[in-house]
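*Asks:* Here is a sequence together with a model predicted from it:
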Amino acid sequence: MRKLCVALSAVVLAAIFWVGAGPVWSQVPKDFKYEETKPMGPVTFSHKIHVTDKKLQCPDCHTKIFEMKKVAAPKMTMKVLNEGEFCGKCHNGGKAFSTKEAKDCSKCHAKK
């Protein structure tokens, strides 16, 4: 009987720690709109698409690609993205659609 109680306690504790090891965010952060995209339309970054739909984890981008700071957005240009920085780390035609393909512009940029 004592062994059963110890085993059951271990299972309960493991379950508590497993549930507690969930995501840092209790909910997915709101979309971020990046306006400085002239001559193209603005870009709306969706955490939902990347985290919920594509199953990425926060550390996949933060702090590997983007710093976790509530400051102005980094200066992202298509030149920088096409060189493999920021979104271009994944959006290179391998992991995700490429930032270099004209046919894919509307996947990020809203029409003006």
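*Replies:* It's in. Numbering: from 1, shown residues only.
*Asks:* Leaving out the residues flanking it, which one is nearest to the residue nearest in space to the middle of the chain?
*Replies:* By C-alpha atoms, centre = their mean, the chain has its centre lying nearest to residue 50, at 4.7 Å. Spatial nearest neighbour of residue 50, excluding adjacent residues (C-beta to C-beta, 6 or more residues apart in numbering): residue 56 at 5.0 Å. C-beta: built from backbone N, CA, C; applies to glycine.
*Asks:* check contacts around residue 91.
*Replies:* Residues counted as contacts of residue 91 (C-beta atoms under 8 Å, 6 or more residues apart in numbering) are 81, 97-99.
*Asks:* In a helix, it, correct?
*Replies:* No. With DSSP: H, G, I helix; E, B strand; the rest coil as the criterion, residue 91 is assigned coil and is not in a helix.
*Asks:* still on that earlier bit, among the contacts of residue 91, who's most crowded?
*Replies:* The most crowded member of these, judged by other C-beta atoms under 10 Å, is residue 99 (22 neighbours).
*Asks:* how about the strands of the protein, start to end?
*Replies:* With strands called from DSSP state E, the chain shows them at 32-34, 43-45.
*Asks:* re earlier: can you put the contacts of residue 91 in TSV and add pLDDT and distance to residue 34?
*Replies:* Formatted as TSV, the contacts of residue 91 follow (pLDDT from 0 to 100; distance: C-beta to C-beta, whole Å):
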residue	pLDDT	distance to residue 34
81	93	11
97	96	17
98	96	18
99	95	13
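*Asks:* Taking these, tell me the two that lie furthest apart.
*Replies:* Farthest apart among those by C-beta to C-beta are 81 and 97. That separation is 12.0 Å.
*Asks:* how near is the residue nearest to residue 50 to residue 79?
*Replies:* Note on residue 56: its distance to residue 79, by C-beta to C-beta, to the nearest Å, is 25 Å.
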